[in-house]
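> Need a 3D model of the following:
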Amino acid sequence: MPLVYCGACSHAPGITARAERADTQTRQALHKALFKMGDDIRATRPDALVVVAAEHFANFFMNNMPAFAIGMADSYEGPIEDEAFLRIKHTRVPGNKALSKKLIEGVMQTVDVAYAEEWKFDHGIAVPLNFLTPNYDLPIIPANINCQGPPLTPLKRAWAFGEALRAAADALPERIALVATGGISHWPATPDSGKINAEWDREFLGRWARNDRDALLSYTDAEIYRDGGQGGFEIRTFIAAAAAGKGARGTIEFCEPVPVFAVSCTVARMQIAG
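From the prediction side, this is the model:
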C-alpha cells in the first residue's frame, strides 16, 4: 500500500508551554492548521503514523548516538518534560511492535538503522501529537535522525532515510502516514533564543515545496549553523519527508515566525497520491 500521507510541522515546546504569550490571531491560526493536519491524516485511514523527529538527548546520548533509529514497541510514554512546563499530560501512547518490525526490516534493505523497544517521547514528538492525535488513538512509530550530536547525520543520508521509509511503507499492506517534526531556524538554550531568520526559513521551505533535492542537499553544516542556528540542523527531518514524497510537490499550509515560540511555526504537506 503506498504511503497515504506525508507532511512536516514544528515541534517547539513553546507552542504549548507559552501558548498564551503569542499573538492571539497567530496562535489560533497555527492551532487550526495543526488540527487540520490531524484531520487530514485521519482522513487517509492510516494504520500507523511514523513521526520522524530530532529528539533532544532524551533517549540517545553521546555514548550511543545512532544516525537513525526507529521505535519498535507496542506503547511509548511521554512527554518527559514537566507537565507544568509543557502543559501536556504524561500519558502512554500506543505503538505497534509488529508493524514497526516490518517497517524496520524494509528500511534495513538500503539504510542501516538502529531500533529501540523503549522510547521516551520528549516535546519533539509530544507537542505535534497533542494536536495531530489528541485522543492518542492512532499507533505511533517514532523515528529519530541525529541532528544533535556531532558528527551529525549527513543531509544526503537523511534523504536516503526518507527514500527507505517510503519504499518500506509502500511494500506493506498497512496504510502508513508520515510526519516530520522539527524547527527551521532557531537558537534554543542560547543567548540568541527567540531569534528567527525568517528569510532563510522561507528559502528552505521553497526548496522543500519544490522537492528540489539538489537545493535541499546543498547546505553545509557551517552554513546551517551560521544562518539557522544549531536548531537549524533539524532540517534533516524535513529533508527525509521530502524524499519520502518521492518527487511530489509540497504545500506550505502555515508558516509564521513566532519569537515567543523561538521558531517559524510551520505546517506543510507533500501532495502525494492517496
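> ok, now how distant is the residue nearest in space to the middle of the chain from Pro2?
The residue lying closest to the centre of the chain (C-alpha atoms, centre = their mean) is Thr181, at 1.9 Å. Using C-beta to C-beta, to the nearest Å, Thr181 is found at 22 Å from Pro2. C-betas here are computed from N, CA, C, even on glycine.
> Next: Pro154.
Look at Pro154 and Pro2: by C-beta to C-beta, they are 27 Å apart.
> do Leu103 as well
14 Å.
> Comparing these two, which residue is more hemmed in?
Ranked by neighbour count (other C-beta atoms under 10 Å), Leu103 and Pro2 place Leu103 first, with 28 against 14.
> tell me which element the more buried one is part of?
In the assignment (DSSP states H and E), Leu103 maps to helix 97-107.
> and for that helix, what are the contacting residues?
47-48, 50, 68, 70-74, 113, 115, 117, 139, 141, 161, 164-165, 167-169, 171-172, 174, 176 (C-beta atoms under 8 Å, 6 or more residues apart in numbering).
> Buried residues in that helix, which are they?
Within helix 97-107, the residues scored as buried using 16 or more other C-beta atoms under 10 Å are Leu99, Ser100, Lys102, Leu103, Ile104, Gly106, Val107.
> Show the average pLDDT along it.
Taken as a whole, helix 97-107 has an average pLDDT of 98.
> Export that helix to PDB, keeping only CA atoms.
C-alpha atoms of helix 97-107 as PDB (Å, rounded to 0.1, in the frame of the first residue of the first chain):
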ATOM      1  CA  LYS A  97       5.600  -3.500  17.600                       C
ATOM      2  CA  ALA A  98       4.800  -6.000  14.800                       C
ATOM      3  CA  LEU A  99       4.200  -3.300  12.200                       C
ATOM      4  CA  SER A 100       7.300  -1.400  13.400                       C
ATOM      5  CA  LYS A 101       9.400  -4.500  12.900                       C
ATOM      6  CA  LYS A 102       8.200  -4.900   9.300                       C
ATOM      7  CA  LEU A 103       8.900  -1.300   8.600                       C
ATOM      8  CA  ILE A 104      12.400  -1.500  10.200                       C
ATOM      9  CA  GLU A 105      13.100  -4.700   8.100                       C
ATOM     10  CA  GLY A 106      12.200  -2.800   5.000                       C
ATOM     11  CA  VAL A 107      14.300   0.300   5.800                       C
END
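> if I pick Glu117, what's in contact with it?
With C-beta under 8 Å, 6+ apart, Glu117 has these contacts: Gly71, Met72, Ala73, Lys97.
> does the closest residue to Ala158 other than its chain neighbours count as helix, strand or coil?
Spatial nearest neighbour of Ala158, excluding adjacent residues (C-beta to C-beta, 6 or more residues apart in numbering): Arg236 at 4.1 Å. Three-state assignment for Arg236 (DSSP: H, G, I helix; E, B strand; the rest coil): helix.
> Was I right to think Arg236 contacts Cys147?
Yes - taking contacts as C-beta atoms under 8 Å, Arg236 lies within contact range of Cys147: 5.2 Å.
> So which residues of the chain form strands?
Counting by DSSP state E, one finds strands in the chain at the ranges 5-10, 48-53, 68-71, 75-78, 91-94, 114-116, 140-145, 176-182, 250-258, 263-270.
> of all those, which lies closest to Leu216?
Minimum separation from Leu216 across these (C-beta to C-beta) falls at strand 250-258, 11.1 Å.
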